[in-house]
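Engineer: Need a 3D model of the following:
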Amino acid sequence: MSNTFLRVEEVAEEMGVSKSYAYKIVQKLNKELKSMGYITVSGRVNKQYFMEKVCYGGRDKEKGE
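Structural biologist: Coordinates of the predicted model:
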């Protein structure tokens with residue numbers, strides 16, 4: 001289950017941004033998820049939702065993974 005969520009550090013690394021900017025991204029995504037009725041965890045974001053929002057949603061499918 002640890003693969004289900006990304007930590008702020010992982011978001012920063014994936015996007016090539018600072019940790020403080022990654023916090024803003026995580027907060028924005030979690031706000032969107034919360035408005036849709038999902039439970040969120042501060043400092044972490046759902047990996048699947050993150051990938052979809054930053055246009056990586058189809059990347060694994062293209063590679064056949």
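Engineer: Now the closest residue to Lys34 other than its chain neighbours: phi and psi?
Structural biologist: Leaving aside its chain neighbours, Lys34 sits nearest to Thr40 (5.3 Å; criterion: C-beta to C-beta, 6 or more residues apart in numbering). (C-beta placed from N, C-alpha, C; glycine too.) Per-residue torsions, Thr40: phi -120, psi 160 (degrees, to the nearest 10).
Engineer: So Thr40 sits against Asn30, correct?
Structural biologist: Yes: between Thr40 and Asn30 there is a contact at 4.0 Å, judged by C-beta atoms under 8 Å.
Engineer: and the residue nearest the centre of the chain, what does it touch?
Structural biologist: Closest to where the C-alpha atoms of the chain average out (C-alpha atoms, centre = their mean) is Phe50, at 3.0 Å. If you count contacts by C-beta atoms under 8 Å, 6 or more residues apart in numbering, Phe50 has them with 6, 11, 14, 29.
Engineer: circling back: for the residue nearest to Lys34, the count of nearby residues, please.
Structural biologist: By the other C-beta atoms under 10 Å criterion, the neighbourhood of Thr40 contains 18 residues.
Engineer: Low-confidence stretches in the protein?
Structural biologist: 1-2, 56-65 (pLDDT under 70).
Engineer: Do a quick rundown of the strands in it.
Structural biologist: 5-7, 44-46 (DSSP state E).
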